[in-house]
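> no sequence on this one, just coordinates:
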């Protein structure tokens with residue numbers, strides 16, 4: 001006898017057409033025959049302005065791979081800290097009120113929260129979970145309030161304490177907390193003031209989008225293969241946390257000394273600054289390609305000799321594994337990491353590449369030179385080791401099957 005279809009509500013501030021891992025999860029569950037509903041906001045990440053294609057035809061974005069999408073109004077991220085905070089506040093208030101109203105009459109077996117920053121995304125899920133009597137699963141991908149302190153969005157201790165109390169309120173009312181890194185457990189437990197049963201805290205890491213783990217053509221319209229230079233690709237959000245000043249310092253140290261080109265793909269709050277710095281420093285070895293669709297990344301990565309991940313140093317980021325690490329590993333290319341903690345451990349343990357300390361521009365220049373001087377067989381071996389590590393620990397089919405079992409078990413507990 002086949003298992004029953006699940007009714008799943010996904011609450012996420014970020015969703016298609018934004019390039020987010022949650023898109024993958026929604027598509028996978030609809031393809032398995034489950035009924036999926038998405039409660040989300042207006043697409044504006046990472047540029048900070050609502051996408052023009054959405055504004056011109058919002059009706060085109062009301063369905064995704066069979067999932068029904070309900071969008072609520074909210075302020076765009078903008079480029080300043082105050083506009084970012086308004087963006088966070090407007091989504092959770094709008095989703096808790098307007099979103100709950102739009103979902104009237106619908107019933108769900110499980111509510112899943114994609115909890116990258118901001119953690120307040122979980123609040124509408126808790127409101128709706130109480131109304132619908134459905135278990136709430138929060139996938140904790142960022143640590144609050146520590147991340148706010150780390151990136152300088154909030155510095156005042158009293159404000160950070162207030163956010164901490166809100167986080168504690170959320171964690172204590174969530175049925176299941178799914179933690180993307182083993183480094184998160186101690187931090188999350190500190191905010192759980194009630195007795196937390198072990199099954200409520202679940203290690204649940206990220207995976208790479210399907211395109212990255214499939215064989216890719218080496219043709220890319222964004223970047224031609226050039227065997228005369230060693231190509232390092234950085235892809236993703238260009239924000240404060242990525243420590244782009246140190247990346248450009250490393251590029252400057254190697255310019256004219258080693259045949260290395262640095263390819264930066266993406267957009268974000270630091271985009272304009274990076275462009276100005278490349279021009280003012282005369283960094284002819286740095287190419288800025290801007291933002292491009294996710295589906296173009298695998299071919300781009302196939303033309304890279306190494307893939308770079310960087311993150312500022314602090315106790316919070318050391319516990320985090322940026323989602324791009326899984327995509328890089330799945331791509332089968334060597335990795336360069338200017339990063340500390342869990343992510344550095346994964347790169348080293350997998351044998352996929354070299355790492356240096358966060359913020360160490362000289363160290364990044366050195367490991368880039370070392371990788372550039374590695375022969376083709378050595379580079380291939382690193383890429384293969386990373387890919388195998390990905391299959392062993394981050395395979396999407398395995399992870400999503402685990403999540404489906406968690407949903408079903410929660411449904412059974414509710415029934416008894």
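Perfect, I can see it now. A quick note: this is a predicted structure, and the numbers were derived from the prediction, not measured.
> Please tell me how far the closest residue in space to residue 204 that isn't next to it in sequence sits from residue 403.
The shortest distance from residue 204 to any non-neighbouring residue, by C-beta to C-beta, 6 or more residues apart in numbering, is to residue 178 (3.8 Å). (C-beta placed from N, C-alpha, C; glycine too.) Distance, residue 178 to residue 403, by C-beta to C-beta, to the nearest Å: 8 Å.
> Common neighbours of the two, please.
137, 204 (C-beta atoms under 8 Å, 6 or more residues apart in numbering).
> mind listing what's buried in stretch 174-189?
For stretch 174-189, the neighbour count (16 or more other C-beta atoms under 10 Å) marks 174, 175, 176, 177, 178, 179, 180, 181, 183, 184, 187, 188 as buried.
> Can you lay out the residues you listed as a markdown table showing secondary structure?
A markdown table is the format used below for those (DSSP: H, G, I helix; E, B strand; the rest coil):
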| residue | secondary structure |
| --- | --- |
| 174 | coil |
| 175 | coil |
| 176 | strand |
| 177 | strand |
| 178 | strand |
| 179 | strand |
| 180 | coil |
| 181 | coil |
| 183 | helix |
| 184 | helix |
| 187 | helix |
| 188 | helix |
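> Now the two most distant members of those.
For the buried residues of stretch 174-189, the farthest-apart pair by C-beta to C-beta is 175 and 183; their separation is 22.6 Å.
> Now do residue 195, the pLDDT please.
Reading off the confidence values, residue 195 has pLDDT 67.
> tell me the phi and psi of residue 116?
phi -70, psi 170 (degrees, to the nearest 10).
> Verify the stated contact: it with residue 14.
Yes. Contact criterion C-beta atoms under 8 Å: residue 116 and residue 14 qualify, at 6.8 Å.
> anything in contact with each of those two?
Taking C-beta under 8 Å, 6+ apart as the contact rule, residue 116 and residue 14 have no neighbour in common.
> Give me the phi and psi for residue 174.
According to degrees, to the nearest 10, residue 174 has phi -90, psi 140.
> repeat for residue 35
According to degrees, to the nearest 10, residue 35 has phi -90, psi 120.
> Okay, the closest residue to it other than its chain neighbours and residue 81: tell me how far apart.
For residue 35, ignoring the flanking residues on the chain, the nearest one in space by C-beta to C-beta, 6+ apart is residue 7 at 4.8 Å. From residue 7 over to residue 81 the distance is 38 Å, taken as C-beta to C-beta.
> tell me the pLDDT at residue 35?
Residue 35 is given a pLDDT of 97.
> Which segments of the protein make up each domain?
Split into domains by automatic domain parsing, the chain comes to 7-207+395-415, 210-393.
> can you list the residues that contact stretch 43-52?
Contacts for stretch 43-52 (C-beta under 8 Å, 6+ apart): 14-18, 20, 42, 54, 61, 76-79, 83, 87, 237-239, 266-269, 291.
> if we go to 6 Å?
Outside stretch 43-52, the residues within contact range by C-beta atoms under 6 Å, 6 or more residues apart in numbering are 14, 17, 18, 42, 54, 76, 77, 78, 79, 237, 267, 268.
> does the third one sit in a helix, a strand or a coil?
Under the three-state scheme (three-state DSSP), the conformation of residue 18 reads as coil.
> what about the worst-scoring helix or strand of the chain on mean pLDDT, distance to the chain center?
Lowest by mean pLDDT, DSSP states H and E among the helices and strands of the chain is helix 146-151, with a mean of 73. How far helix 146-151 lies from its chain's middle: 16 Å, per C-alpha atoms, centre = their mean, to the nearest Å.
> Tell me the first helix or strand C-terminal of that helix.
Next helix or strand after helix 146-151 toward the C-terminus (DSSP states H and E): helix 157-173.
> Tell me how far that next one lies from the chain's centre.
Chain-centre distance of helix 157-173: 22 Å, with C-alpha atoms, centre = their mean.
> tally of neighbours for the residue nearest to residue 228 when sequence neighbours are not counted?
Nearest in space to residue 228, with sequence neighbours left out and distances taken as C-beta to C-beta, 6+ apart, is residue 259 at 6.3 Å. Per other C-beta atoms under 10 Å, the neighbour tally for residue 259 reads 13.
> do the same with residue 395
With other C-beta under 10 Å as criterion, residue 395 counts 16.
> And for it, nearest residue in space, chain neighbours not counted?
residue 207 (6.8 Å).
> can you check residue 53 too?
Leaving aside its chain neighbours, residue 53 sits nearest to residue 17 (7.1 Å; criterion: C-beta to C-beta, 6+ apart).
> Span of stretch 329-339 from start to end?
Using C-alpha to C-alpha, to the nearest Å, the end-to-end distance of stretch 329-339 comes to 15 Å.
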